[in-house]
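# just the structure for this:
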Amino acid sequence: MKKASLNGKCLAALLISLALCFVSMVGTHQMLTDGGNIQVKDLKFITPQGNAVRFLEYRPVGASVENPVPAVIYSPGNDNTAEIWRSVAHELSRRGYAVFVPDLLSAGHSDEAVGNSTTFGFSELIDYVYDNLDYIDKESIAIGGYSKGGNNTVVVLNEYGELQRNDPDNFVRKFCAALVLAPPPSSFTDAVTGVNVGFGAGLYDPYSRIGFQPVEGYWPGDLSVKAEMKEFINLGVPGTFSEADMADPSVKVEIGHAYGSFAENNARVVYNPSDATHALGIISPMFIRDTVSFFMQAAQAPNPIDPANQNYIGLLLFSALGFLAILAMTVPLAILLLNLPMFAALRNPVGEPTSSLKSSRDWIIFVAASLIGGFLPPIMSPILMQQTSKIFSLTGQGGTSGVFVFGVANNNVVWLLFSALFLLAMFFLFFFLIHKKNGATLSDYHVKISVPNAGRTILMGICVVLLCRSVVWFADYFFKVDFRVVDLTLGTIQWSHLRIALCYAPFFILYWCINSLIMNGCNRFKNMPEWLNTLICVLCNVLGTAVVVAVYYTNMAVSGQGFGPFGNWKAYMMLSYMILMGISGTIINRKIYNSTSNLYLGPVIFGILTAYINATVYTLPAP
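Coordinates of the predicted model:
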C-alpha cells in the first residue's frame with residue numbers, strides 16, 4: 001500500500017477512534033448525571049489521622065438545606081476504585097439519593113497510608129458526610145459495600161456496636177441501615193442494634209460457601225438453607241427461627257423478604273441473586289435490583305422508581321465504547337508517528353512470508369502445537385496463581401514483595417512468565433519441525449534489531465501510550481469519566497501507581513514479544529489471505545482460553561461451584577479478560593508489524609498499555 005494512501009486511512013481511523021471516545025465521554029457523562037439532574041463531583045477530605053480520602057459525590061440538583069435528601073455511602077471492594085460502582089451510584093442517584101463512593105485508602109487517588117483506619121477511610125467518610133453536609137437528611141443515611149467493602153461495612157457495624165455498649169450516653173447512630181454484600185466470612189454478633197441490615201451473596205459466589213456449613217442436597221451458595229443466615233435474622237428479630245429450625249434445611253430463609261420492620265429499624269433481609277459470581281456481582285442486574293430495593297425500603301426515595309427499572313447497561317456500554325476506541329487508536333497513532341524523522345527508520349513494510357504449511361504432516365504439527373500452546377497455559381492458570389506468594393515474597397507468606405506490590409497483578413505476571421517461556425519452547429519446536437525444513441531462517445522473522453531502533457521502539461511505545469493517556473486525562477478533567485470494560489480500566493492514576501506499573505511493564509512486554517515472534521513469525525504463511533491468517537492467529541491466542549473459561553462457568557452453572565480451591569475464581573476472571581485483550585493484542589501487533597517488520601514495536605506499545613490498565617484499579621498494600 002502506498003505511503004500516502006496508508007497515512008490517509010490511518011488519519012481517518014484515528015479521527016473515528018477519537019470521535020468514538022468523545023461519544024463515550026458524552027454518553028457516559030449524560031448517563032451519570034441523568035441528563036443534568038445529578039451533579040457528579042470529584043472531592044477529597046482529610047481524615048483525623050491526616051490522610052486524604054478521595055470520593056465521588058453524586059448529588060441530586062434539588063438537594064439543599066431546605067430540601068435535604070437521603071444518602072447512601074458505599075464502599076468499593078479490593079482492587080476497586082470509586083468509578084467501578086457508578087452503576088449502583090447511577091441507579092440510586094436517579095432515584096433522588098445523594099451517593100458517596102470513596103477510593104479506599106491506598107487505592108486510586110486516595111493516600112497510601114492505612115495504618116490508622118480499620119476500614120481504609122470508609123468509616124471516616126461516614127463521619128464526614130454526617131458531620132459536614134447540610135443537604136443530607138441525617139435520619140436517612142444508609143451505608144453498604146461489596147466484597148472488601150462488605151467487610152468494611154461489617155467492621156463499621158461492629159465498631160458502632162462496641163461504642164453503643166461501652167458508652168451509650170455519648171453514642172450517636174450515624175446511619176439507619178447497612179447492606180453487606182459478598183464479604184469474606186463475617187459475624188454480626190457484636191453489631192450495633194437499631195439498624196436495618198441486609199446481607200447478600202450470589203448463588204455462584206465463592207463467598208456464599210466459605211464460612212458457611214455445607215448443607216447436604218443443596219448447592220453450596222444457596223443461602224436460603226444456611227443456619228448462619230437464620231442466626232443473622234434472629235439477631236435482628238429474635239425467635240424467628242427456633243433451635244430445631246436452625247438444623248432443618250426444609251425450614252428456609254425467604255430470600256428478599258424483610259424480617260422485622262424497616263420502620264422499627266430491626267429489619268433483616270437476605271439476598272441470593274442467581275445471576276452473580278463474585279467478579280460479576282458489580283454488574284449483576286439482580287444484585288443492583290436488590291441493592292436499590294434495600295435502600296428504598298430503608299430510606300424513602302425522593303424519586304421512587306421500580307428497582308427493576310434499570311438503565312445502567314447503557315452507561316456500561318458507553319464506557320466500554322471508549323475503552324475499545326482507545327485500543328483501536330494505537331495502530332493509526334503508531335503508523336502516523338512513523339512520519340516523524342525520529343521514527344522514520346522504523347518504517348519498513350513487511351514482505352511476503354517465506355514459509356507455508358506444505359503437507360498434511362505440517363498441518364498436523366501446526367494444529368497440535370497450536371492446541372497445546374492455546375490450552376495448556378489457561379489450564380495451568382489456577383495452579384500457577386497458587387504459587388504467587390512463593391515467587392514474589394521472600395518469606396513465602398504473602399502475595400507481594402517490596403517492588404511488586406499489586407497482589408492481583410502478581411498473579412497475572414506469574415501466569416504471563418510461564419506462558420511466555422512455554423510459547424517460546426513451542427516456537428522453536430514449530431520452527432525446527434516445519435519452517436526450517438521449508439527453507440525459512442530466523443532472520444526471515446526479523447528477530448534482530450539494532451540498538452538505535454530498539455531505542456526508537458521503546459520511545460514510540462511511550463509516546464503512543466502517553467497520547468492515549470492524554471485522551472483519558474481529557475475525559476477525566478472535562479467529564480469526570482474513564483473508559484472501562486468492568487475491571488479493565490483506562491483512567492487517571494497517581495504517580496505512585498504509575499511508578500509501580502512500570503515495574504510490571506517488562507513482563508507484559510516480554511509475553512507479547514514472544515507472542516509476536518510466533519504470530520508474526522512462524523504463523524505467517526505463504527499464499528494465505530491476510531484476513532484469514534490474522535483470524536487464525538487470533539484463534540491460536542484465545543480459543544483455548546475461551547474454551548477453558550466456558551467449561552469452568554458451565555460446570556458452575558451445573559454444580560453451583562467452579563473447579564478446585566476457593567481462590568480459583570480469580571484465575572478464571574483474569575482469563576475472561578484475557579480473551580478481549582488477546583484478540584486486541586493479536587490484531588494490534590499484526591497491523592503494526594505489517595507496516596514496520598518490527599516484532600517488538602506492537603508488543604512494547606500493547607505491553608505498556610496493558611501494564612497501565614492493570615495499575616488503574618489495584619490497591620496498594622498497607623505499609
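
# low-confidence ranges, the stretch 501-623 of the chain, go.
618-623 (pLDDT under 70).

# got the domain ranges for this protein?
According to automatic domain parsing, the chain comprises the domains 1-32+322-341, 33-310, 357-445+485-617.

# the ones you listed: which one's closest to G351?
domain 357-445+485-617 (7.6 Å; C-beta to C-beta). Just so you know, the C-beta spots here come from the backbone N, C-alpha and C atoms, and that holds for glycine as well.

# and V558, how many neighbours?
Each residue near V558 was counted by other C-beta atoms under 10 Å, and the total is 8.

# where do the helices of the stretch 451-600 of the chain begin and end?
Along the stretch 451-600 of the chain, counting by DSSP state H, counting those that start in this stretch, helices occupy 451-479, 495-516, 530-559, 568-596.

# return the most buried member of these.
With neighbours taken as mean count of other C-beta atoms under 10 Å, the helices of the stretch 451-600 of the chain reach their highest mean count in helix 568-596, at a mean of 22.

# now it and helix 451-479, what's the angle there?
Here helix 568-596 runs at an angle of 120 degrees relative to helix 451-479 (axes from the mean of the first three to the mean of the last three C-alpha atoms, to 10 degrees).

# picking that back up, and the helices of the stretch 451-600 of the chain as a markdown table, adding distance to G161?
Output for those, formatted as a markdown table (distance: least, C-beta to C-beta, whole Å):
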| stretch | distance to G161 |
| --- | --- |
| helix 451-479 | 39 |
| helix 495-516 | 35 |
| helix 530-559 | 36 |
| helix 568-596 | 31 |
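
# F199: which of the ones you listed is closest?
helix 568-596 (19.8 Å).

# what angle do that closest one and helix 495-516 make?
Using the same axes, to 10 degrees: helix 568-596 against helix 495-516 is 70 degrees.

# packing partners of the following helix or strand past helix 568-596?
Going down the chain from helix 568-596, the next helix or strand is helix 601-617, by DSSP states H and E. The contact analysis (3 or more C-beta pairs under 8 Å, 6 or more residues apart in numbering; DSSP states H and E) places helix 601-617 against helix 312-337, helix 407-430, helix 451-479, strand 488-490, helix 495-516, helix 568-596.

# about what we covered before: now render the domains of the chain as TSV, adding distance to V465.
Listed next are the domains of the chain as TSV, based on distance: least, C-beta to C-beta, whole Å:
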stretch	distance to V465
domain 1-32+322-341	8
domain 33-310	20
domain 357-445+485-617	5
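
# contacts for stretch 31-42, please.
Residues outside stretch 31-42 that contact it (C-beta atoms under 8 Å, 6 or more residues apart in numbering): 29, 54, 56-61, 86, 89-90, 93-94, 311-312, 314-315, 318, 480-481.

# my error: substitute stretch 482-496 in the last question.
21, 24, 79, 81, 83-84, 108-109, 112, 279-280, 282-283, 316, 319-320, 322-326, 468, 472-473, 475-476, 501, 573, 577, 580-581, 612-613, 615-617, 620.

# redo the helices and strands packed on helix 601-617 as a markdown table? Include distance to P249.
Listed next are the helices and strands packed on helix 601-617 as a markdown table, based on distance: least, C-beta to C-beta, whole Å:
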| stretch | distance to P249 |
| --- | --- |
| helix 312-337 | 35 |
| helix 407-430 | 36 |
| helix 451-479 | 50 |
| strand 488-490 | 40 |
| helix 495-516 | 47 |
| helix 568-596 | 25 |
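
# so which of these comes closest to G607?
helix 495-516 (3.3 Å).

# ok and that closest one relative to helix 530-559, angle-wise?
110 degrees.

# okay, how far is it across stretch 45-59, tip to tip?
Terminal residues of stretch 45-59 are spaced 17 Å apart (C-alpha to C-alpha, to the nearest Å).

# buried ones in that stretch?
For stretch 45-59, the neighbour count (16 or more other C-beta atoms under 10 Å) marks F45, T47, N51, V53, R54, F55, L56, E57, Y58, R59 as buried.

# does R590 touch L535 like I think?
No - if you go by C-beta atoms under 8 Å, R590 and L535 don't touch, sitting 10.4 Å apart.

# quick one, what contacts N170?
Applying C-beta under 8 Å, 6+ apart, the residues contacting N170 are L163.

# pretty sure it sits in a strand.
No - in this structure, N170 is coil, not part of a strand, as judged by DSSP: H, G, I helix; E, B strand; the rest coil.

# could I get the phi/psi values of it?
phi -110, psi 0 (degrees, to the nearest 10).

# again, but for A98
phi -80, psi 130.

# again, but for T33
The phi/psi pair for T33 (degrees, to the nearest 10) is phi -90, psi 0.

# pull the number of nearby residues for it.
T33: 19 neighbours (other C-beta under 10 Å).

# quick one: it and L315, what's the gap?
11 Å (C-beta to C-beta, to the nearest Å).

# where in the stretch 351-500 of the chain is pLDDT low?
Using pLDDT under 70, the stretch 351-500 of the chain drops low at 389-403, 405.

# quick one: the helices in the stretch 51-200 of the chain, in order.
Under DSSP H, counting those that start in this stretch, the stretch 51-200 of the chain gives helices at 86-93, 122-132, 148-166.

# please read the previous query as pertaining to the stretch 251-400 of the chain.
285-298, 312-337, 360-385, 388-392.

# need the helices of the stretch 51-200 of the chain in TSV (columns: distance to G194, mean neighbour count and mean pLDDT).
Formatted as TSV, the helices of the stretch 51-200 of the chain follow (distance: least, C-beta to C-beta, whole Å; neighbours: other C-beta atoms under 10 Å; pLDDT from 0 to 100):
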stretch	distance to G194	mean neighbour count	mean pLDDT
helix 86-93	23	25	95
helix 122-132	16	19	96
helix 148-166	8	21	94
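
# number of nearby residues for A13?
For A13, using other C-beta under 10 Å, the count is 18.

# got the angle between whichever strand or helix holds it and helix 568-596?
Assigned by DSSP H and E, A13 belongs to helix 3-32. Taking the same axes, to 10 degrees, one finds helix 3-32 and helix 568-596 inclined to each other by 150 degrees.

# for the helix or strand following helix 3-32, buried residues please.
Following helix 3-32 in sequence order, the next helix or strand is strand 38-46 (DSSP H and E). Of the residues in strand 38-46, I38, Q39, V40, D42, F45 count as buried by neighbour count, 16+ other C-beta under 10 Å.

# of the residues you listed, closest to W531?
Relative to W531, and with distances defined as C-beta to C-beta, the nearest of the buried residues of strand 38-46 is V40, at 42.4 Å.

# how far away is that closest one from A19?
23 Å.

# relative to helix 148-166, how tilted is the longest strand along the chain?
Taking DSSP state E as the criterion, the chain has its longest strand at strand 136-146. Here strand 136-146 runs at an angle of 120 degrees relative to helix 148-166 (the same axes, to 10 degrees).

# and the angle from strand 136-146 to helix 122-132?
170 degrees.

# quick check: neighbours of strand 136-146 in the sheet, parallel or antiparallel?
strand 69-75 (parallel), strand 177-181 (parallel) (DSSP bridges).

# flag every buried residue along stretch 168-182.
R173, K174, F175, C176, A177, A178, L179, V180, L181, A182.

# for stretch 135-144, same thing?
Y135, I136, D137, K138, S140, I141, A142, I143, G144.

# from L424, how far out is the first one?
Read that as Y135. For Y135 relative to L424 (C-beta to C-beta), the value is 60 Å.
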